[in-house]
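Engineer: Need the 3D shape of this:
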Amino acid sequence: MRTKHLNDELDGSSILRMLQKYELANIHSPDFEITRIVCGAINRNFKVSDGSKTLLLKAFSNNTTLPINRRQVFSMQEELAILGFAPVPLFLSDDFKIYCEQWIDIGQGVEIAEKDYAKTKQGVAKIIDTLAEALFNVHSSYVSAPIIPLVEHWEIYWQKIKHPKQQLREKYKLVKLQWQQYFDQYKDQFVLCHNDLHIDHISFSNGPIFDWEYAGLGSRYFDIASCCAINNLNQADILNLCCCYAHLANKDVQEVIDNVQETSAMVAFTYELWSESVGKTDNPE
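Structural biologist: Sure thing, here's the model as predicted:
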């Protein structure tokens with residue numbers, strides 16, 4: 001048995017017992033291995049294998065309480081898995097702290113995001129095409145999903161900021177008002193959104209997408225703007241992404257550009273709040 005990077009903070013022994021109890025993996029197999037996957041800023045992810053099957057195990061942080069109904073997300077991902085857009089969810093603990101899903105080898109998404117390749121003109125174009133296609137596929141998926149509680153997310157981030165500056169206070173009030181007006185006007189047009197679509201979360205074209213934790217019904221344009229921010233796209237790349245998406249969705253290009261621009265300020269504010277709340281300067285994952 002090999003347990004690389006399974007530290008005491010995760011209570012490794014209880015996780016091993018859980019894997020065995022629910023027959024998720026044979027921990028007594030000589031080929032059993034659990035290793036840490038370094039990704040994300042909050043949760044901890046592990047690859048678990050016993051020689052005959054492999055799964056992804058996610059341990060949700062005890063220090064972060066987000067307005068996420070994990071049971072609903074689990075059910076939503078079951079539907080998405082049937083459509084081929086998500087790994088099959090396998091297990092969610094009663095306390096919602098441990099989650100397991102089907103392991104899928106990462107293919108094109110990470111491959112095209114490799115540092116050297118991504119700097120080339122061909123690499124950037126491939127990233128844009130892949131992101132646009134993934135966004136379109138998500139937005140075209142009809143599954144049971146809750147409305148994304150964006151304001152509730154903001155409120156939790158806000159409560160963690162000890163001494164917010166006056167400028168941030170004023171921006172908070174303004175953006176909350178803007179979102180409420182936007183929500184009232186466009187809620188009937190909401191679609192399934194991923195809300196954390198980094199290129200690393202895409203396995204390959206038309207294949208499963210990872211990390212559905214923040215998914216739910218929301219504005220497609222907020223989702224596109226969020227995707228642009230997470231992937232650090234420049235203005236030219238954003239325009240290209242909007243054009244690719246408009247073509248796939250059979251929408252007017254300028255309409256997509258204008259709507260993405262309108263929601264980008266709310267996306268930027270979301271990341272600003274998150275960064276202030278945890279003392280970081282990068283985007284949440």
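Engineer: Tell me the secondary structure of the spatially most central residue of the chain, please.
Structural biologist: In the chain, the C-alpha nearest the mean C-alpha coordinate belongs to D196, at 3.2 Å (C-alpha atoms, centre = their mean). Under DSSP: H, G, I helix; E, B strand; the rest coil, D196 falls in the coil class.
Engineer: try V256
Structural biologist: helix.
Engineer: That one against C244, yeah?
Structural biologist: No. Look at V256 against C244 with C-beta atoms under 8 Å: they stay out of range, at 9.7 Å. (Glycine included, C-beta is placed from N, CA and C.)
Engineer: How about D252, nearest residue that isn't a chain neighbour?
Structural biologist: Leaving aside its sequence neighbours, D252 sits nearest to A246 (C-beta to C-beta, 6 or more residues apart in numbering; 6.6 Å).
Engineer: Can you get me a residue count around Q254?
Structural biologist: 11 (other C-beta atoms under 10 Å).
Engineer: how close does it sit to C242?
Structural biologist: From Q254 over to C242 the distance is 9 Å, taken as C-beta to C-beta, to the nearest Å.
Engineer: In three-state terms, label the residue nearest to the residue nearest to the centre of the chain when sequence neighbours are not counted for me.
Structural biologist: Using C-beta to C-beta, 6+ apart and skipping the chain neighbours, the partner closest in space to D196 is Y214 (4.9 Å). With three-state DSSP as the basis, Y214 sits in coil.
Engineer: so who does Y214 touch?
Structural biologist: Y214 makes contacts with 68, 148, 194-196, as judged by C-beta atoms under 8 Å, 6 or more residues apart in numbering.
Engineer: show me where the stretch 101-250 of the chain has strands.
Structural biologist: 191-193, 216-218 (DSSP state E, counting those that start in this stretch).
Engineer: The first one packs against which elements?
Structural biologist: In other words, strand 191-193. When contacts are defined as 3 or more C-beta pairs under 8 Å, 6 or more residues apart in numbering; DSSP states H and E, strand 191-193 sits against helix 121-139, strand 216-218, helix 220-230.
Engineer: so how far is it off the chain centroid?
Structural biologist: Computed by C-alpha atoms, centre = their mean, to the nearest Å, the separation of strand 191-193 from the middle of its chain amounts to 13 Å.
Engineer: and what of the last one?
Structural biologist: Distance of strand 216-218 from the chain centroid (C-alpha atoms, centre = their mean) equals 12 Å.
Engineer: Could you give the average pLDDT over it?
Structural biologist: Mean pLDDT, computed over strand 216-218, is 96.
Engineer: Tell me which residues of it come out buried.
Structural biologist: Buried residues in strand 216-218, counted by 16 or more other C-beta atoms under 10 Å: 216-218.
Engineer: possible to save those as a markdown table with distance to I34?
Structural biologist: Listed next are the buried residues of strand 216-218 as a markdown table, based on distance: C-beta to C-beta, whole Å:
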| residue | distance to I34 |
| --- | --- |
| G216 | 30 |
| L217 | 35 |
| G218 | 34 |
